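Enquirer: Provided below are the primary sequence and the corresponding predicted coordinates.
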Amino acid sequence: AEALAGLDEAALAAVRAHLTLAAEAAGGLSEETVAHAERDFVAARQADASVTGDTLHGWCTLARLMAKSHLEVATPEHWARVRDMERQRAERVARRPRRKAP
């Protein structure tokens, strides 16, 4: 709510309209994206045994949500962006200092 506090009524109306459209958007994965995701998942799993079906599910969910935020169906470009963002997130997590147990 604080992030929206500085917006005027016209801007708030635009945000609401976009969120309504995004919520109603199909948000699926195109056939091309599904094929791309399958190949990418197999390669990722061969390179890293910690990649699981749950990992794939998370990537698919993020790709669908990213596409919905753009009012589109997920494309290989959305998939690539999600995978890159997840790689960056994993790198940040790996760099974080470990907390000591209480």
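Expert: The structure has been received and is ready for your questions. Numbers count the residues shown, from 1 in each chain.

Enquirer: For the rest of this, base every contact and every neighbour count on C-alpha atoms.
Expert: Will do.

Enquirer: State the distance from residue 14 to residue 43.
Expert: Relative to residue 43, residue 14 is positioned 41 Å away (Cα to Cα, to the nearest Å).

Enquirer: Please apply the same query to residue 68.
Expert: As for residue 68, its distance to residue 43 is 26 Å (criterion: Cα to Cα).

Enquirer: These two: which has the busier surroundings?
Expert: residue 68 (21 against 12; other Cα atoms under 10 Å).

Enquirer: just checking, what packs against the helix or strand hosting that one?
Expert: Assigned by DSSP states H and E, residue 68 belongs to helix 53-69. Counting contacts by 3 or more Cα pairs under 8 Å, 6 or more residues apart in numbering; DSSP states H and E, helix 53-69 is packed against helix 9-24, helix 76-95.

Enquirer: Compare the ones you listed and give me the one nearest residue 60.
Expert: Nearest to residue 60, of all the helices and strands packed on helix 53-69, is helix 76-95, at 7.8 Å by Cα to Cα.

Enquirer: Between helix 53-69 and that closest one, find me the angle.
Expert: Taking axes from the mean of the first three to the mean of the last three Cα atoms, to 10 degrees, one finds that helix 76-95 is oriented at 120 degrees with respect to helix 53-69.

Enquirer: Which pLDDT value goes with the residue nearest the centre of the chain?
Expert: For the chain, residue 62 is the residue whose C-alpha lies nearest the centre (Cα atoms, centre = their mean; 2.6 Å). Residue 62 carries a pLDDT score of 93 in this model.
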